[in-house]
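*Asks:* kindly return the folded structure for what I paste below:
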Amino acid sequence: MLEVSPTILNQIHAEGEEAYPEEGAGFLLGKGGEIRQVQATIRLPNAREDTARHRRYLITADDMVSAEKIAEERNMEIIGVYHSHPDHPNRPSEYDLEWALPWFSYVITSVHEGRALDSRSWRLKDDRTAFVEEKLVIE
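*Replies:* Next up is the predicted model:
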């Protein structure tokens, strides 16, 4: 289960709308465990080449290192990634499956014609064969 406040979810939606028609992305920071709690986010630039940003995002190694330092300074950890799907459902794509890590939560927001519609959270199975939906609790 992933717990997120309405304020943070609204921020994720706003960032998806701002990034439209490209994918927007960022890290989820907080506390891990059986119940994961999102306490903060780090918005990231989409490092993908211009022609692919409308269907893909790219997080660089430098982004990861920087976010790990920020999380450590705040006594948190990176617990996941959020990103938007412009004009597509909030389900993981084959590309998402290829690049995902089993210990992260993945919050995907569907942004249709520039408006964020809904978010869902996903976890990659340990064998990396598929995603399973994770309960997203907004409180």
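
*Asks:* beta partners of Arg43?
*Replies:* Gly26 (DSSP bridges).

*Asks:* okay, now it: neighbour count?
*Replies:* 15 (other C-beta atoms under 10 Å). Backbone N, C-alpha and C define where each C-beta goes, glycine included.

*Asks:* what's the first helix or strand after the lowest-mean-pLDDT helix or strand in the chain?
*Replies:* Every helix and strand in the chain was compared by mean pLDDT, DSSP states H and E; the lowest is helix 94-99, with a mean of 91. Next helix or strand after helix 94-99 toward the C-terminus (DSSP states H and E): strand 105-112.

*Asks:* Ser84 reaches Gly26, doesn't it?
*Replies:* No: the criterion here is C-beta atoms under 8 Å, and Ser84 misses it with Gly26 at 9.9 Å.

*Asks:* so where's the chain shaky on pLDDT?
*Replies:* For the chain, the stretches with pLDDT under 70 are 48-49, 52-54.
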